[in-house]
Every structure is written in C-alpha cells, then in structure tokens.
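Trainee: next comes the sequence, and after it the predicted model I'd like to discuss.
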Amino acid sequence: MKIKYTSASPKAGQTEHLQPNICATLIAAGFAEPCGPPPMRGTREWFAEMQELHGVPAPTPTVSWGVYIGQIAKCPAIVASCSNSNCTVKFRFEGNFARQQHPRHGEEPLHLFEKRISDAASKVVFTHSCGHKTPDKVSAAIVKQFVAAVVKNPREFTSDEAKVISFAVFKGDSGQHREVVQGVPLQRGPLAFELPE
Ligand SMILES: [Zn+2]
C-alpha cells in the first residue's frame, strides 16, 4: 500500500510503499494518509508495488507445457501452467479435429489432416496472470506431440454432442438453418500486457 506522510511526521510530504499493517498504524496515528485505493492484483501497478515492497524483482516465470490425454473421451489437449504460484491461469487447448470425409475424394489424406492440426496448434499462446507481460508461445516439439496424439486418438462424439451437431445441420421445411445467437461480446478494458509501454 502507498501512503503520504503528513506534517506531523518527520518524513512530511514523502510517499512510501509499505506493508498494509504498517500503513494502517501510521494512518491511525495521524502520521500519514493513504494515496488512493491499493492497485488491483495482477495489474502493472500492483506488480510494481510488489517489487518495491519486497525489494526483489519477481522471478522470471517458466511455463511448463505438456500434452494430456483425457481419461474418458481420450481427447488430447495441450496444457500449460506457470511457475509463479500467483499465476492462476489454467491453460488447456483441445481444438476440435476430425478427419474429413469428402463425398467424392474419400478420406482426407493424413498429411493434410496433420497439417491442419499443426497449423491450429502452432497458434497457441499462454497469457500470464502473474504480471509477466510476454505471452509464451507453444514449442514445435509440443505441437508435434499433440498432432501425433490427435491422429492416434480419433475424435469420438458423445451422443449429446451428436444431437447438437444434427440439430445444427438440420434444415426444416423452410430449407434454412436455425439462426444462431452468439451472445453479446464481453465489455472489458485492455489487460495489463495489452497496454502501451
Ligand atoms: Zn505467469
């Protein structure tokens, strides 16, 4: 928390970042007043305050990547987590890959199917919530592992998913698909890493 010392204090006029309990004592004693509300956790201001308060820069986080295969549907996923314990992002990328069947040309060739998965998976990035600004890009090795896992574990639809798909492709007497309402986009401000320097 940031406080400004009042005229009663020998440090009059100065501002300082201190632990919240110390700030509360100084404010209660009339030696200081708060400088606005504390910054929100995870923002750049919060991160700067943590660094000033603890005197050490936060360690550069490392992101652990892996390919995980679901226990029930055997659906492969790229998973990632950050070494900073305050980074609460739990990352998971599944995509939705099924080998296409063409009415005349038959099954999609394996190399094209693999390329389609690889192109989509290569775009995967992990965005931190620990204050580390640069998002981490997935490695080529993980993409390769993921492609192999998807090819080895063909997508199987549950009966509920199959119902949803048949519902979506169904055309009634009108010959038109149902109108799909996608919802209202989320109104949010820029995230810390999106702000200009
Ligand atoms: Zn992180």
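Mentor: Happy to help now that I have it.
Trainee: how about the residues of the chain near the ion?
Mentor: The interface of the chain toward the ion, taken as CB under 5 Å from the ion, is made up of Pro61, Cys82, Asn84, Cys87, His128, Cys130, His132. In this view, the C-beta of every residue, glycine as well, is placed from N, C-alpha and C.
Trainee: what's the domain layout of the chain?
Mentor: 2-54, 63-172 (automatic domain parsing).
Trainee: out of the ones you listed, which gets nearest to Ala192?
Mentor: Proximity to Ala192, assessed across the domains of the chain by CB to CB, is greatest for domain 2-54 (4.9 Å).
Trainee: what's the straight distance from one end of the closest one to the other?
Mentor: Here the two ends of domain 2-54 are set 13 Å apart, with distance taken as CA to CA, to the nearest Å.
Trainee: pLDDT score assigned to Ala58?
Mentor: In this model, Ala58 is scored at 61, pLDDT.
Trainee: likewise for Ala149?
Mentor: Confidence at Ala149, expressed as pLDDT, is 95.
Trainee: what about it, neighbour count?
Mentor: The number of residues packed around Ala149, counting by other CB atoms under 10 Å, is 18.
Trainee: okay, the residue of the chain positioned farthest from its centre and Cys23: tell me how far apart.
Mentor: In the chain, the residue that sits farthest from the middle, by CA atoms, centre = their mean, is Ala8; the gap is 46.8 Å. In this view, Ala8 and Cys23 are 15 Å apart by CB to CB, to the nearest Å.
Trainee: next: Ser9.
Mentor: When distance is defined by CB to CB, Ser9 is 13 Å away from Cys23.
Trainee: which one of those two has more residues nearby?
Mentor: Taking neighbours as other CB under 10 Å, Ser9 and Cys23 compare with Cys23 leading, 20 against 16.
Trainee: SS state for that one?
Mentor: The three-state assignment at Cys23 reads helix, by DSSP: H, G, I helix; E, B strand; the rest coil.
Trainee: A strand includes Ala8, no?
Mentor: No: with the criterion set as three-state DSSP, the secondary structure at Ala8 is coil rather than a strand.
Trainee: quick one: residues contacting the nearest residue to Gln19 once chain neighbours are set aside.
Mentor: Using CB to CB, 6 or more residues apart in numbering and skipping the chain neighbours, the partner closest in space to Gln19 is Leu53 (6.9 Å). Applying CB atoms under 8 Å, 6 or more residues apart in numbering to Leu53 gives the contacts His17, Leu18, Gln19.
Trainee: Leu53: what secondary structure?
Mentor: Here Leu53 is recorded as helix under three-state DSSP.
Trainee: any idea how far Ala80 is from the most centrally placed residue in the chain?
Mentor: When the chain is reduced to its mean C-alpha position, the nearest residue by CA atoms, centre = their mean turns out to be Thr127, at 4.7 Å. Counting by CB to CB, the gap from Thr127 to Ala80 is 10 Å.
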